[in-house]
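Undergrad: what follows is a predicted structure for the sequence shown.
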Amino acid sequence: MRQTWRWFGPKDQVSASDMTQAGVEGVVSALHHVPTGTAWSAGEIARRQAEIAHHPDGTATGLTWDVVESIPVSEDIKRQSGDWRGHIDAWKESLRNLAEARIETVCYNFMPVLDWTRTDLAWPRPSGATCMRFDLIDFAAFDIHVLARPGAAESFPPEIAEAAARRATEMDADRKSALARNVVFGLPGAAENFTMEDVKAHLAAYSSISDDALRRHLIDFLSEVAPVAQSLGMRLCCHPDDPPFPLLGLPRVVSTEADYRALLDAVDLPANGVTLCSGSLGARADNDLPGMMERLGDRVHFLHLRNVTRDADTLPCSFYEDEHLGGGTDMVALIAATLREEARRRSAGRPDASIPFRPDHGQNLLDDHRRNAQPGYPAIGRLRGLAELRGVMAALSHDTVGLRD
């Protein structure tokens, strides 16, 4: 298992020096400044590689750009509207330029409008740590009473809608504004720029697109880009929905093992694979993460390892981002399944036997509270998670256990 770390570029409050001190082996990054639908140029890719490879003083970090997360998939591609075919051509060009730079793994997602959704970005824990949380009643209060989406109340169980009405009456204007900012934060570029009317317009653009239609569009996209990736020796890995259940009336098509199996079977190429995110998928009680690793493992190209604790096993439900070895997913069992998959790959002579993973998210600890890093991506919280995961890997890989062979 190759230890990687997500980095948002030179403006990231967690520096390249922090990454090297954390002892990671590779970096997960993206060209966030390149407009969606535009090809990533060879020059921009090389610049990011140089930023990863060198400290600001010019000395070497010893790090490489191992995984792209993500080349954005435009809303036009997802809806098959506007210049969606041109955007797919640009995506293919980005793949070719990345392959020239010897970057082989590309994570992406196909979630409409929102990349992820939380109602609280710094929820306090008894330890003094803070974490991200999705509170179903708060979200329903936002959807029904702040956004005022038509038909929103019918999207929730009656008892949740009633609780949301009570919650909304308890919120003052500042609390409602803060809740809206938190929810909209998952819409790229939206935290400072989008009004509720903007969000409604984005949602309206999907009003005629069902789950089946979105799934067809994803398969059409993969039918175009996966053969290119295959010819280049690259691996594409689709990130699951976050959270993995319907929100805001939007379609969801990558929430379960069955969803993944449908995509893998529809475009049956080794390059077409999975980002197994234990945090996103773990927000559903019916997702068996160790089992998914066993059954989908030959197509798992990237792992996000984090844990969530659900307030209930019903759908939808509230949850918060727990410690990496806490929460509802048996992380030891998941890592054991991963090591078994790597052993199978080594026996088969596969060049991708070592699966990259990153300690996904993390609670804010100690100096994290002052650093103001990207929500979910603190330095110390992720370092603690990586240390815990690294310890599990070391124990399971020990000669007396033997899961590596």
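TA: Okay, I see it. Numbers count the residues shown, from 1 in each chain.

Undergrad: wait, residue 395 touches residue 401, no?
TA: Yes - Residue 395 is in contact with residue 401 according to CB atoms under 8 Å; the separation is 6.8 Å. Using the backbone N, CA and C atoms, a C-beta is placed for each residue, glycine as well.

Undergrad: can you pull out the strands in the stretch 101-250 of the chain?
TA: In the stretch 101-250 of the chain, the segments counted as strands under DSSP state E, counting those that start in this stretch are 105-109, 120-124, 130-134, 235-239.

Undergrad: what's the angle between the first one and strand 235-239?
TA: Strand 105-109 runs at 30 degrees relative to strand 235-239, counting by axes from the mean of the first three to the mean of the last three CA atoms, to 10 degrees.

Undergrad: any idea which helix is longest in this protein?
TA: Counting residues, the longest helix found in the chain (DSSP state H) is helix 211-231.

Undergrad: got JSON lines for the strands of the stretch 101-250 of the chain, with mean neighbour count, distance to residue 211 and mean pLDDT too?
TA: Formatted as JSON lines, the strands of the stretch 101-250 of the chain follow (neighbours: other CB atoms under 10 Å; distance: least, CB to CB, whole Å; pLDDT from 0 to 100):
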{"stretch": "strand 105-109", "mean neighbour count": "24", "distance to residue 211": "16", "mean pLDDT": "97"}
{"stretch": "strand 120-124", "mean neighbour count": "16", "distance to residue 211": "28", "mean pLDDT": "96"}
{"stretch": "strand 130-134", "mean neighbour count": "24", "distance to residue 211": "21", "mean pLDDT": "97"}
{"stretch": "strand 235-239", "mean neighbour count": "25", "distance to residue 211": "15", "mean pLDDT": "98"}
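
Undergrad: count of neighbours near residue 75?
TA: Each residue near residue 75 was counted by other CB atoms under 10 Å, and the total is 18.

Undergrad: CA atoms only for stretch 100-114 - export them in CSV, please.
TA: Extracted in CSV, the C-alpha atoms of stretch 100-114 (Å, rounded to 0.1, in the frame of the first residue of the first chain):
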residue,chain,number,x,y,z
GLU,A,100,3.5,11.9,-21.1
ALA,A,101,4.4,13.1,-17.6
ARG,A,102,4.2,9.5,-16.3
ILE,A,103,1.3,10.1,-14.1
GLU,A,104,-0.9,7.0,-14.4
THR,A,105,-3.8,7.1,-11.9
VAL,A,106,-6.7,9.6,-12.2
CYS,A,107,-9.5,9.8,-9.7
TYR,A,108,-12.8,11.6,-10.7
ASN,A,109,-16.4,11.8,-9.6
PHE,A,110,-19.7,12.1,-11.3
MET,A,111,-21.8,13.7,-8.6
PRO,A,112,-24.2,16.4,-9.9
VAL,A,113,-23.6,19.9,-8.7
LEU,A,114,-22.1,19.2,-5.3
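
Undergrad: report the distance from that stretch to the chain centre.
TA: 10 Å (CA atoms, centre = their mean, to the nearest Å).

Undergrad: ok, stretch 338-352 next?
TA: 24 Å.

Undergrad: contact partners of it?
TA: 1, 235, 293-294, 297-298, 300-301, 303, 353-355, 357, 393, 396-397, 403-405 (CB atoms under 8 Å, 6 or more residues apart in numbering).

Undergrad: that one: which residues count as buried?
TA: Neighbour counts over stretch 338-352 (16 or more other CB atoms under 10 Å) mark 338-342, 345, 352 as buried.

Undergrad: so what's residue 158 up against?
TA: For residue 158, counting by CB under 8 Å, 6+ apart, there are no contacting residues.

Undergrad: what's the pLDDT at it?
TA: Looking at residue 158, its pLDDT is 96.

Undergrad: just the one 10 residues further on next, same as before
TA: Per-residue confidence for residue 168 comes out at a pLDDT of 97.

Undergrad: same check, this time on residue 193
TA: 63.

Undergrad: now swap in residue 402 and tell me
TA: For residue 402, the predicted pLDDT is 61.

Undergrad: next one: residue 398
TA: With respect to pLDDT, residue 398 has a value of 88.

Undergrad: likewise residue 186?
TA: 73.

Undergrad: by mean pLDDT, flag the weakest helix or strand of this protein.
TA: One helix or strand of the chain scores below all others by mean pLDDT, DSSP states H and E: helix 190-193, with a mean of 50.

Undergrad: so which residues of the stretch 301-405 of the chain form strands?
TA: Secondary structure of the stretch 301-405 of the chain by DSSP E, counting those that start in this stretch: the strands cover 307-310, 319-322, 356-359.

Undergrad: show me what the last one is packed up against.
TA: Right, strand 356-359. Here strand 356-359 touches strand 2-6, strand 26-29, strand 65-69, strand 300-305, helix 379-396, going by 3 or more CB pairs under 8 Å, 6 or more residues apart in numbering; DSSP states H and E.

Undergrad: same check on the first one?
TA: Applying 3+ CB pairs under 8 Å, 6+ apart, one finds that strand 307-310 makes contact with helix 278-281, strand 319-322.
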